[in-house]
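I would like to see how this sequence folds:
(one chain, ligands or ions: 2)
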Amino acid sequence: MDTQAILSNASIIAEQAGVILRKKFEQPIKHMTKSSDIDIVTEADQEAELFISRELLRLYPEHHLVGEEGGGQGAPIDTATYHWYVDPIDGTTNFASGIPHFCVSLALTDADRKPIVAVIYQPMTDDLYTAIKGEGAKRNGKPIQVTETSKLVQSVVGSGFPYFKHTKPDNNTKQWAEFTKKVRGIRRMGSAALDLAYVAAGRFDGYWEPSLKPWDVLAGVLLVEEAGGKVTDYQGGNRQQWDEKGRFVSSNSHIHQEMLNIIKESYDW
Ligand code: 2AM
Ligand code: CA
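Ligands and ions are numbered 1, 2, ... in the order given. Just a heads-up that it's a prediction; the model follows:
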């Protein structure tokens, strides 16, 4: 399988979806609610996902494709060897509020859902993050690497909160409070995929968040790993790419244990 060709095709599709998103971003943005008042979707999410899934399945009809808004399509999920995970806008809350920090996230995985090709495109800065398993990670074609920071107190970390934060106690506020006291800087940017790309690019030293979905993280996970970093669940385990609670810790690897310790101390298991 020609992963380099797949990466080029996926990059072009992500950039074309970015054209749709930039255009929609300049117009008044209406949103609809999904599971709650907090969980929203816009016409742009739907239009960009339709475009991306149509283009990917036109090129790769033998692949299965899962989109955040449209669900599964393409070849049957049980027999397909390769699977796409598509988030047409990661950072929809930012998008709908006119905040220019969101991205398109595309991951191709094998049948075990291990990512092998990753594309994250940030339309408003025209940054393209890419990775191929075993071949490193890049930003705009140039290799990127995680930081060498070895102490949490010298680190800048990112995080985020689940859409159910107003109704359930397991909402990351305790961990946020603990990290705030122990790091140089803490950021809530609002796009999990870009947070992971920032770890890969050496902008963040670490990032953690619960309740993420495969389309939020699969591309970013590969980027971090290929940039020399580490991604685990909250126990430090590497058992699968996501557990049912979608809890992830990612870092430059040096501060990973310190991050896990804070999460452990502040978590109601
Ligand atoms: P979205 O913009 O695609 O919805 C914000 O903390 C980050 O977490 C965003 O990447 C957001 O993705 C994601 N996120 C938060 N709660 C989520 C949920 N319940 N399902 C999917 N993604 C979620
Ligand atoms: Ca989304």
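
how close does the closest residue to ligand 1 within the stretch 51-200 of the chain get to ligand 2?
In the stretch 51-200 of the chain, the residue found nearest to ligand 1 is residue 160; the distance is 2.6 Å by CB to the nearest ligand atom. (C-beta placed from N, C-alpha, C; glycine too.) Per CB to the ion, to the nearest Å, residue 160 is found 13 Å from ligand 2.

again with residue 209
Taken as CB to the ion, the span from residue 209 to ligand 2 is 14 Å.

Show me what that residue is bridged to.
Beta-bridge partners for residue 209, by DSSP bridges, are residue 248.

what about it, neighbour count?
By other CB atoms under 10 Å, the residues close to residue 209 number 23.

swap in residue 58?
9.

so where does it fall, helix or strand?
Using DSSP states H and E, residue 58 falls within helix 43-59.

Next, see if whichever helix or strand comes after that helix gets close to ligand 1.
On the C-terminal side of helix 43-59, the closest following helix or strand by DSSP H and E is strand 64-67. No - Strand 64-67 stays clear of ligand 1 (CB under 6 Å from any ligand atom), getting no nearer than 10.9 Å.

and what of stretch 11-23?
No - counting by CB under 6 Å from any ligand atom, ligand 1 has no neighbours in stretch 11-23; the shortest distance is 12.5 Å.

what pLDDT, on average, does that stretch get?
The pLDDT scores in stretch 11-23 average 98.

again, but for stretch 75-84
97.

Buried residues, it. List them.
For stretch 75-84, the neighbour count (16 or more other CB atoms under 10 Å) marks 75, 80, 82-84 as buried.

okay if I get those residues as TSV plus distance to ligand 1 and secondary structure?
Formatted as TSV, these follow (distance: CB to the nearest ligand atom, whole Å; DSSP: H, G, I helix; E, B strand; the rest coil):
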residue	distance to ligand 1	secondary structure
75	24	coil
80	22	coil
82	22	coil
83	17	strand
84	16	strand
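
So which residues of the stretch 101-250 of the chain form helices?
With DSSP state H, counting those that start in this stretch as the criterion, the stretch 101-250 of the chain has helices at 173-182, 192-200, 214-226.

who touches stretch 151-171?
35-36, 38-39, 149, 172-173, 175-176, 179, 182-190, 192, 195, 198-199, 203-211, 255, 258-259, 262, 268 (CB atoms under 8 Å, 6 or more residues apart in numbering).

Just the buried residues of those.
In the contacts of stretch 151-171, the ones that pass as buried (16+ other CB under 10 Å) are 149, 172, 175-176, 179, 182-183, 186-187, 189-190, 192, 195, 198-199, 203-211, 255, 258-259, 262.

how about the residues of the stretch 151-269 of the chain that lie near ligand 2?
Counting by CB under 5 Å from the ion, no position of the stretch 151-269 of the chain is adjacent to ligand 2.

just to revisit the earlier point, near ligand 1, from the buried ones among the contacts of stretch 151-171?
Answer for the buried ones among the contacts of stretch 151-171 near ligand 1 (CB under 6 Å from any ligand atom): 190, 192, 209, 211.

Pretty sure the first one sits against residue 97.
Right, residue 190. No - shown here, residue 190 and residue 97 do not form a contact pair, counting by CB atoms under 8 Å, at 9.0 Å.

for this structure, what's the longest helix?
helix 3-25 (DSSP state H).

what does the helix or strand following it contact?
For helix 3-25, the succeeding helix or strand toward the C-terminus, using DSSP H and E, is strand 31-33. With CB under 8 Å, 6+ apart as the contact definition, strand 31-33 has outside contacts at 39-42, 92, 96.

Can you give the distance of strand 31-33 from its chain's centre?
21 Å (CA atoms, centre = their mean, to the nearest Å).

could you give the mean pLDDT of that strand?
91.

That one and ligand 1 in contact?
No - Strand 31-33 does not reach ligand 1 (CB under 6 Å from any ligand atom); its nearest approach is 11.3 Å.

And stretch 96-107, by the same measure?
No - judged by CB under 6 Å from any ligand atom, stretch 96-107 stays clear of ligand 1, getting no closer than 7.1 Å.
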